[in-house]
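Trainee: Okay, here's the prediction I keep looking at, along with the sequence it came from:
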Protein chains: 2
Amino acid sequence: MDDQQGFAIAVDEAKIGYAEGGVPIGAALVSRDGKLLGRGHNMRVQNGSAIHHGETAALENSGRLPASAYKGATMFTTLSPCDMCTGACILYGISRVVIGENKSFLGGEAYLKQRGVEVVVLDNKECQGLMESFIKEKPEVWNEDIGEEARVYSKEAK
Amino acid sequence: MDDQQGFAIAVDEAKIGYAEGGVPIGAALVSRDGKLLGRGHNMRVQNGSAIHHGETAALENSGRLPASAYKGATMFTTLSPCDMCTGACILYGISRVVIGENKSFLGGEAYLKQRGVEVVVLDNKECQGLMESFIKEKPEVWNEDIGEEARVYSKEAK
Ligand SMILES: [Ca+2]
Ligand SMILES: [Ca+2]
Ligand SMILES: [Zn+2]
Ligand SMILES: [Zn+2]
């Protein structure tokens, strides 16, 4: 599949999450040769999970893979990745992270670049709309998801 | 509970993981006031998991918590945390990470410090012994767990 198809899966996952009443962030992990390795969405509300974010859920749903499988892979995600998901992408040596938007929240983009990961930000309005709707509806759940007590727009390293 | 008790739980979790045939890394998350929030161990082998490492398993088993619950908390872990677990501790604003050993693997200690997290390394020989035994027995599982194709002793940011 191409980038457009990979990103569409991430958006689809975010919408599934929103429909379930959850944090609407989705992700898809696609191998170097365009094969979908895994897809997933944030499961905080659905499973009471502190670690199944969009990106980590996509990694989890990709199952056990040798390091070689992640080489040249792209993580498509609807939102700028938090520090945990940033670290997960670095751990597995994922080559590229394609991000729907970083206006509702800016995560570890600078650190990804510093560690050699290519970062692409799409400025996608549908992704931003999903986040803004959710944050308006359930602000306390969103704050909890990023470890904050009130809304922040960035957790970028100082 | 005190530090010795918190760390003992992490070691206990690592041993449970080893007995299950899994990667022998355990962790325990203890609140500022000494209450155990959660404990866990690496579940790669047991659950085919790519994201349930010791520290993330302890976070997951702590369940949903508001940001305030992590303030002043200590993550006890038997091994120097990988980039994902480093990022998870940063995400939640965990104040301190107490590490069993970093000889068999050195993870994100420098980055934790850079992000304001206190890091304590115990140089615990029992933890190191568990890791060296496991790596000798199942080197390919360990490499997979840290996203490598051959043994490395450090994934510290360059
Ligand atoms: Ca904070
Ligand atoms: Ca590597
Ligand atoms: Zn995340
Ligand atoms: Zn880890």
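Mentor: Alright, I've got the coordinates. Ligands and ions are numbered 1, 2, ... in the order given.
Trainee: which residues touch the closest residue to chain B within chain A?
Mentor: Nearest to chain B in chain A, going by CB to the nearest CB, is residue A:87, at a distance of 2.7 Å. Every C-beta, even on glycine, is put in place using the N, C-alpha and C of the backbone. By CB atoms under 8 Å, 6 or more residues apart in numbering or on different chains, the contact list for residue A:87 reads A:108, B:82, B:83, B:84, B:85, B:86, B:87, B:88, B:90, B:108.
Trainee: again, only this time at 6 Å
Mentor: When contacts are counted by CB atoms under 6 Å, 6 or more residues apart in numbering or on different chains, residue A:87 touches B:83, B:84, B:86, B:87.
Trainee: would you turn these into TSV with secondary structure?
Mentor: Shown next, in TSV, are those (DSSP: H, G, I helix; E, B strand; the rest coil):
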residue	secondary structure
B:83	helix
B:84	helix
B:86	helix
B:87	helix
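Trainee: wait, which of those residues is closest to ligand 4?
Mentor: residue B:84 (4.8 Å; CB to the ion).
Trainee: Tell me how many other residues crowd the closest one.
Mentor: For residue B:84, the neighbour count with other CB atoms under 10 Å in any protein chain shown is 30.
Trainee: Kindly report the same for residue A:131.
Mentor: Neighbourhood size, residue A:131 [other CB under 10 Å]: 23.
Trainee: ok, now residue A:121?
Mentor: 15.
Trainee: In the beta-sheet assignment, what are the partners of it?
Mentor: On the basis of DSSP bridges, residue A:121 is bridged to residue A:99.
Trainee: Let me know how buried residue A:47 is, in neighbour terms.
Mentor: 14.
Trainee: just to revisit the earlier point, got a markdown table for the contacts of residue A:87, with distance to ligand 4 and pLDDT too?
Mentor: Listed next are the contacts of residue A:87 as a markdown table, based on distance: CB to the ion, whole Å; pLDDT from 0 to 100:
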| residue | distance to ligand 4 | pLDDT |
| --- | --- | --- |
| B:83 | 7 | 98 |
| B:84 | 5 | 98 |
| B:86 | 8 | 98 |
| B:87 | 9 | 98 |
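Trainee: which among these gets closest to residue B:149?
Mentor: Taking CB to CB as the measure, residue B:149 sits nearest to residue B:83 out of the contacts of residue A:87, at 16.6 Å.
Trainee: I'd assumed residue A:92 was in contact with the closest one.
Mentor: No - when contacts are counted by CB atoms under 6 Å, residue B:83 is not listed as touching residue A:92 (8.9 Å).
Trainee: Any residues of chain A in contact with chain B? List them.
Mentor: Counting by CB under 6 Å from any CB of the partner chain, the residues of chain A lying close to chain B are A:48, A:50-51, A:56, A:59-60, A:63-64, A:66-67, A:82-84, A:86-88, A:90-93, A:144, A:147-149.
Trainee: Please spell out the PyMOL selection for the buried subset of the residues you listed.
Mentor: Only the buried entries of those go into this PyMOL selection, using 16 or more other CB atoms under 10 Å in any protein chain shown:
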select buried, chain A and resi 50+51+56+59+60+67+82+83+84+86+87+88+90+91+92+93+144+147+148
